[in-house]
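Student: Starting from these lines, generate the structure:
(3 chains)
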Amino acid sequence: MDASVVSAAQMPDYGDDMAVDNESDDGNTHIVTPGEVVTRDTAFMRGHGTYTEDDALVASMAGVVDRVNKLISVRPLRTRYNGEIGDVVVGRITEVGPRRWKVDINARQDAVLLLSSVNLPGGVQRRKTESDELQMRSFFGEGDMLSAEVQAFFQDGAASLHTRSIKYGKLRNGSLVIVPSALVKRTKSHFATLPCGVDVILGLNGYIWVAKHVAISPEIVNQPDALYHNENEPISDAERQTIARVCSSIVALSRHNNFINDTMIVYTFEASMGHPVKDMLKPDICQQIVLAARAQFREASLQ
Amino acid sequence: MSRLEIISPEGLRVDGRRPLELRRVNSRTAVLSQADGSAYIEQGNTKCLAAVYGPREPTKRAALLHDRALINVEYSVASFSSGERKQKLRRDRRLMEIASTIKRTFENVILTTTFPRSEIDIYLQVLQIDGGALHTAINAATLALVDAGIPMTDYVCACSAGYVNNQAILDLNYLEESAEIPTLTVALLPKSGKITMLGLESRLHLDKLEPVIQLASDGCKQLKENIDATIRESTKSLAKTILQ
Amino acid sequence: MLRNKAFIRKTKRGTIVKVVKEHYLRDDIYCGVAGCKLCVEQNVVLTSPRTSKTVNTPHFLVPDTNVLYHQIDVIEHKAFTDVVVLQTVLEELRHRSFPVYNRVRSLISDPARRFYVFSNEHNRETYIEKQKDETPNDRNDRAIRAATRWYNEHVGGRWTFVLVTDDADNRKKAQAEGLTTFSVRQYVASMTDHPELVDMVAAVDEEHVDEEDKFSYPEHLSVSQMSAGLRSGAFLQGKLSISSNNFLEGSIFAEVDKEEKTVMIVGREHLNRGIHGDVVAVQLLPRSEWRAPVGVILEEEEVENGDDEPVNAEDSMARAEDRMNVDEAAKETVPTGKIVGIIKRNWRPYCGTIDKSSVRSSSGLSTQQMVFFWAMDKKIPKIRIRTRQAEKLVGRRIVVAIDGWAKNARYPSGHYIRTLGDVGEQATETEVVLLEHDVPFAPFSPQVLSFLPPEGDSWIVRNEHLEGREDFRHLDVCSIDPPGCTDIDDALHCRSLPNGNFEVGVHIADVSHFVKPENAMDLEARRRGTTVYLVNKRIDMLPGLLGTNLCSLRSNVDRLAFSCIWEMTQNADVVNVRYTKSVIRSKASLTYDEAQARLDDATLTDPVTMGIKGLNRLAKQLRARRMEAGALTLASPEIRFKLEEDQQDPVDVEMKELKETNALVEEFMLLANIWVATKIYSAFPESSMLRRHPKPPTSNFEALIKAVGELGITLDVQTSKTLADSLDKAVVPREPYINKLIRIMTTRCMMQAVYFCSGTISEPDFWHYGLATRIYTHFTSPIRRYSDLVVHRLLAVAIGYEKNYSSELIDKVKLKELCDVLNYRHRMAQQASRSSVELFTNLFFKDKVIKEEGYVVRVMKNGFSVLIPKYGIEGYVYSTREESADGGASSPFTYDRDSNRLVAMNATIKLFSKVVVVVNVEEAGGAARRSKLTLRLVEPNIPGLSVNESEIKSGKELLEMEKNGIGRPNKKSKTERAR
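Tutor: Here you go, the predicted model:
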């Protein structure tokens, strides 16, 4: 018990400072590590990444302290995806079950996609029939990629997804890049078509889909096969190269722990043009590209 | 010939340390890009690599727990880790025992109830052994878990201590361990001083147990400073890039 | 706090493994010099620098490894103080010789000597890396120089640090680096206050001017060649033991053809400078050169006496070796080899005398000369030493250490250490016995004595002692011991119980109450291991206050005891047993005779006597049962000396006699030991101290079985039971002594009983062969045996009396080491006793010529051994009358190998023949190494060998002549020391 008294005494008491800002000591982010007392002020509520012990709010993770009003939470900088309702995610089917799919979305559990949460061919409002249940695999089979939105959470924390929008659904014609989920920021749109003619879906779970741009027409919904077929469109070598370059650009950003959004990808993409795709991820070139992109980003934001 | 002189009458150990000194510690986190969290630690010449995956969907549905996360530890020792190359047995009981010890050590510290029906995998690979592989592995696992953003009530710091010539000595190296010195490994939560694991595989007189545990605990607390510094360093640099 | 600044990987390539070690360099290794401003001193040792004529400034010494290793005797001299011992040096020393290392360590721990250890290998400023192509030795020399230089710079010229090394090359390098340096000889020469030091300087690597060219041993192989050879199986490794009969015959135990066998090494060249005790590498000779064990006795002294000139020596050597070669007809050859290298020397200081004939008396007093030294131990070759005091040393017992043996030197060279006293003087010779057997005999240090009870003599049992003890003061306990016994370990009692059974108690002195583990007294007792009994002296294991007073269970005083209480039926079946700490009050301290008298007197009915009678009844039954199980009754020709009161010179000799009461006490001691062994083994299966007696291999008995076969006696050695039975049957009606003789000889075939730690051996091997019991230990003599003390401690824990016990008690490894030490001490103590008996036998026969009957116990080609029961001595009778080197030519006997007998015209000498011999002592003097018993044959009368009455009478005169060194009498025989 001696030890705990000592260590507690050594910890600076943020009880008062905390009320001011989460940016404490000389403008730096307030970083805590597991077991560190965040505050002893009982007025605060404990949020994620904290627990209470003897009236003290203690961090359970290493990360930055976030304060929203009276709620204090510790946000780890590297962690699995923690979904929120409305998040756009990219996932992969891992299992086909009774009236549901299991989807790997890089979260602590696989998400669930109910049969009732997908658009079925033949009209948005079509009733699910028993035959639909029997031919679920013809919609999504194991290994298929899809984009979706987090609709709700189950009791145990598993996410429930839906693809009831023309934006979501099976993914084709492209390639998956996995980055730490913390690097993908929430923005207005996670669907972007880059100037180079490549579609990017920035899943908030850190899965990013890079694909050939294909125009979507609203009537696709009514074409029986268009939604769920598994055939890629023909992709030319130049298109493949561009997709690869975009993928590498994203990997380069993630290597340097840079946040990822469409603008940043474009800047990186542009900065990489001087190098062949295969060389992009060589450490020195990679760094050079990212630095160039960052510089450009700062310039742009200053304007 | 004669037995090795573990502590010279001048108070120095074979490698030049004094009895109450730790070995040099070097650690890093985020050394693997694929894992959710990873770490590498060197305590003297004992080197260990840790990778943490999860929490994630359990690979084996049967093992799933409804109220908390399942922790899975795999501990392996590289065949080139010691002086003599050993043929590795696929299911070495000894390694499995160590793995289960480590698993139990962390089960109490990780807030497993936040992740029902999930699984956390900890892979530990000892690259080089110079004594104290177990406690080095535990420290590596702690680093990797924190790196993976898995909530824990506290760090788990582990350290060994032995008793020889009427004196307790800290952090034994291979030479000392093989000299039939009773070696005690302690893993504790530095904040509360609570011990989560206590391992002793040879005879140690009850009278001597207390001082040896005390010494090992002090060693753990010293190590905590080191681990904490590493974590702060890496978190800070992450914060700098991510939160710009 | 971790203070390492840099760390270096030390890579050591062994056979396959690569060892990577950390090596921390520190800033907190201090110089130990008084008044140093740079170091935060914790331990200032170097306070008073030395002064000397040859060094201008006050200085300290820095010796290198070789100096400490070879010149330790000089360094130990009190004149050597203020020395810096470098870690490099200590580590090297540890590898080379652990005993020397320990001696240096004890110097370091003596504050008066001011030896300071500087851990230069861990100091950041003095550590040096091994350079490419540098040998470890050169690297260490450089490290030593670097440290010396550091010291000189560190103290800033206030004082000098002088490097002492005997390596000329190293000195040159050091001088080039600006260091002051000396060899030991140079430095010692400047210490004019202590002239004796010059003699003590070991002659290492010094040129041997004489007898080179003429003689050269084969070169020893290098370490790597040897280890390669050992690994490939080309060489054998073993500890060389020189035959006690023949100094040119040695042997090792090694694995030949997948079997443990004796490998003989015969002849000076093959022995190749191996000295008794060395661990050597041996190469087997081709099978055609294998030989049979030579059945002759050969003493170096005899061969070489008077041979000053090397040419002669060569001749006599050749003769000697010839004499060993005669045996061509030998059929059964044994593996024979030659020494190709020495793996580990095992030299120790030797006691002995200067060879008078090698001293040149004409030379001036202070000039140094080479003289020869004879060690007491016949197995050690003579040693050349340089001395200035040669004449003073003649006729004195001195101690000498071997320094080395160059390949072109016939004999090893050594140096003088100290003088013990005059040859033949009882005190000196007793000290020699103790030294030769490594018996620690210094008085107990004040530190040891400080752990005695402060009350001293007036210590009494008080109430606080009673806690946890049973009070047996009301019981009629008595002790039975030999007359004059002052350290009474054991006492007994016996009383009838209402149910008709008996309660029998064995009470053992509670030494563990006084000697607590790990204190100085305990450590000293552990070092001594056992009390050593010499004829005229007893070297106690514990201070006298404990041994003869407080622990001794004397009559009519309260004493603490450890008791073992049995309930027994009339038939001596144990119904119940318990062990307890107790307090007793012995009612009587009896001698064996007194107890016997009480037993025999049917009229006595007092409780003590009744107790003895009860015990005796039970003992007989116990004994019968033990015999039934196959316990052996063995015998040894033990004698007692009656010493003259004041002079302690022996005036008479008598055989030790065994009475019924001896057997009584023995029986209950055995019983206690066995029961205690069982108890501690059940409580400490891994760490009990037990005693076992291995079954001797049948091959040990082969010769004996053959010999007794001629008497029509058969020995069945299958089990101890069959052996015991056949020994009982081995009776020759006309010669009652034969049975005892056979028992004596059977005893010699036995293995040694040893202490061991129960966790190191599997249970079936616990068997005690001689006692025929499955488990045994020593519990009953804690005053005189350390093993018993350990057993007491174990038992105290086992019965829950002692709740706190040290971890030592259950440390298997430490206990095993302790067992090894105790076994060694025990063996040494036995040998010392025997040597002491021998010494007194010689004193007894001094100036006497006695005719006595004896029995032949061993027949060899050029003589036979005779055992004289009356005096318990055994001696050798040569079969040739003339002491001639031409061997058996003039012998009246012919040796019949098949039946192992010597046949003369009118008599046959074979095993167990009865002969009459005359005994007298050849006095040790100037030239002779040691006093010798000589035996001369009287009967059977064999012309040309036996002496007649007139010659016996003139024996006195011969003695005189011999003493004066006028001439050599007809020496026919000499004793072999009883071993």
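Student: what sits against B:Gly219?
Tutor: Contact analysis of B:Gly219 by C-beta atoms under 8 Å, 6 or more residues apart in numbering or on different chains lists B:Leu22, B:Cys159, B:Ser160, B:Ala161, B:Leu170, B:Asp171, B:Val186. The way it works is simple: take the backbone N, C-alpha and C, and place the C-beta from them, glycine included.
Student: Tell me if it really is in a strand.
Tutor: No: under DSSP: H, G, I helix; E, B strand; the rest coil, B:Gly219 sits outside any strand and is assigned helix.
Student: Give me the distance between whichever residue of chain B sits closest to chain C and B:Val212.
Tutor: Here chain B gets closest to chain C at one residue, B:His205, 3.2 Å apart by C-beta to the nearest C-beta. From B:His205 across to B:Val212, the span is 10 Å (C-beta to C-beta, to the nearest Å).
Student: Chain C next: which of the contacts of B:Gly219 are close?
Tutor: B:Leu22 (C-beta under 8 Å from any C-beta of the partner chain).
Student: Determine which two of the contacts of B:Gly219 are furthest apart.
Tutor: B:Leu22 and B:Val186 (13.2 Å; C-beta to C-beta).
Student: And the residue of the stretch 201-303 of chain A found nearest chain C, how close does it get to A:Ala252?
Tutor: Nearest residue of the stretch 201-303 of chain A to chain C: A:Pro283, at 28.4 Å (C-beta to the nearest C-beta). According to C-beta to C-beta, A:Pro283 stands 10 Å off from A:Ala252.
Student: do the same with C:Asp725
Tutor: Taken as C-beta to C-beta, the span from C:Asp725 to A:Ala252 is 96 Å.
Student: Which one's more surrounded, these two?
Tutor: A:Ala252 (25 against 15; other C-beta atoms under 10 Å in any protein chain shown).
Student: can you pull the contacts of that one?
Tutor: Contacts of A:Ala252 by C-beta under 8 Å, 6+ apart are A:Thr268, A:Ser272, A:Met280, A:Leu281, A:Cys286, A:Ile289, A:Val290.
Student: Let's see that with 6 Å instead.
Tutor: Taking C-beta atoms under 6 Å, 6 or more residues apart in numbering or on different chains, we find A:Ala252 in contact with A:Cys286, A:Ile289, A:Val290.
Student: Do me a favour and average the pLDDT over the lengthiest helix in chain C.
Tutor: Longest helix in chain C by number of residues (criterion: DSSP state H): helix C:812-845. Averaging the model's pLDDT scores along helix C:812-845 yields 86.
Student: Residue ranges in chain B under the pLDDT threshold?
Tutor: B:1-4, B:88-90, B:243-244 (pLDDT under 70).
Student: Can you pull up the most central residue in it?
Tutor: With distances taken as C-alpha atoms, centre = their mean, the residue of chain B nearest its centroid is B:Ile138 (2.2 Å).
Student: That one in helix, strand or coil?
Tutor: Going by three-state DSSP: B:Ile138 is helix.
Student: Who are the contact partners of it?
Tutor: Contacts of B:Ile138 (C-beta under 6 Å, 6+ apart): B:Ile102, B:Ala158, B:Ala187.
Student: try 10 Å this time
Tutor: Counting by C-beta atoms under 10 Å, 6 or more residues apart in numbering or on different chains, B:Ile138 makes contact with B:41, B:48, B:50, B:98, B:101-102, B:105-106, B:124, B:132, B:156-159, B:185-187, B:196-197, B:220, B:223.
Student: Could you find the closest non-adjacent residue to it?
Tutor: Nearest non-adjacent residue to B:Ile138, counting by C-beta to C-beta, 6 or more residues apart in numbering or on different chains: B:Ala158, 3.8 Å away.
Student: I'd like the distance between that neighbour and chain A.
Tutor: Shown here: B:Ala158 relative to chain A, a distance of 15 Å by C-beta to the nearest C-beta, to the nearest Å.
Student: quick one: what helix or strand has that residue in it?
Tutor: strand B:157-164 (DSSP states H and E).
Student: Who are the packing partners of that strand?
Tutor: strand B:37-43, helix B:133-147, strand B:167-170, helix B:174-177, strand B:183-189, strand B:194-200, helix B:206-242 (3 or more C-beta pairs under 10 Å, 6 or more residues apart in numbering or on different chains; DSSP states H and E).
Student: what's the most buried one of the ones you listed?
Tutor: helix B:133-147 (a mean of 29; mean count of other C-beta atoms under 10 Å in any protein chain shown).
Student: For B:Leu22 and B:Val186, list the residues in contact with both.
Tutor: With C-beta under 10 Å, 6+ apart as the test, B:Leu22 and B:Val186 both reach B:Cys159, B:Asp218, B:Gly219, B:Cys220.
Student: The third one - nearest residue in space that isn't next to it in sequence?
Tutor: In this structure, B:Gly219 finds its nearest non-sequential neighbour in B:Cys159, 3.5 Å apart by C-beta to C-beta, 6+ apart.
Student: Let's verify C:Ile398: helix, strand, or coil?
Tutor: Reduced to three states by three-state DSSP, C:Ile398 is strand.
Student: Distance of it relative to C:Leu839?
Tutor: C:Ile398 is 18 Å from C:Leu839, by C-beta to C-beta.
Student: So which residues of the stretch 1-150 of chain A form helices?
Tutor: Along the stretch 1-150 of chain A, counting by DSSP state H, counting those that start in this stretch, helices occupy A:2-10, A:130-134.
Student: worst average pLDDT in those?
Tutor: helix A:2-10 - the lowest mean pLDDT of the helices of the stretch 1-150 of chain A, at a mean of 34.
Student: Packing partners of the helix or strand harbouring C:Lys706?
Tutor: Element membership for C:Lys706 (DSSP H and E) is helix C:702-709. Using 3+ C-beta pairs under 10 Å, 6+ apart as the contact test, the elements touching helix C:702-709 are helix C:736-748, strand C:850-860.
Student: Can you name the element that comes right after that helix?
Tutor: helix C:720-729.
Student: Flag every buried residue along that following helix.
Tutor: C:Ser720, C:Lys721, C:Leu723, C:Ala724, C:Ser726, C:Leu727 (16 or more other C-beta atoms under 10 Å in any protein chain shown).
Student: now do stretch C:592-606
Tutor: Quick answer for stretch C:592-606 (16+ other C-beta under 10 Å): C:Tyr592, C:Glu594, C:Ala595, C:Gln596, C:Arg598, C:Leu599.
Student: now do stretch C:72-86
Tutor: In stretch C:72-86, counting by 16+ other C-beta under 10 Å, buried: C:Ile72, C:Asp73, C:Val74, C:Ile75, C:His77, C:Phe80, C:Thr81, C:Asp82, C:Val83, C:Val84, C:Val85, C:Leu86.
Student: what's the answer for stretch C:187-194, then?
Tutor: C:Tyr187, C:Val188, C:Ala189, C:Met191.
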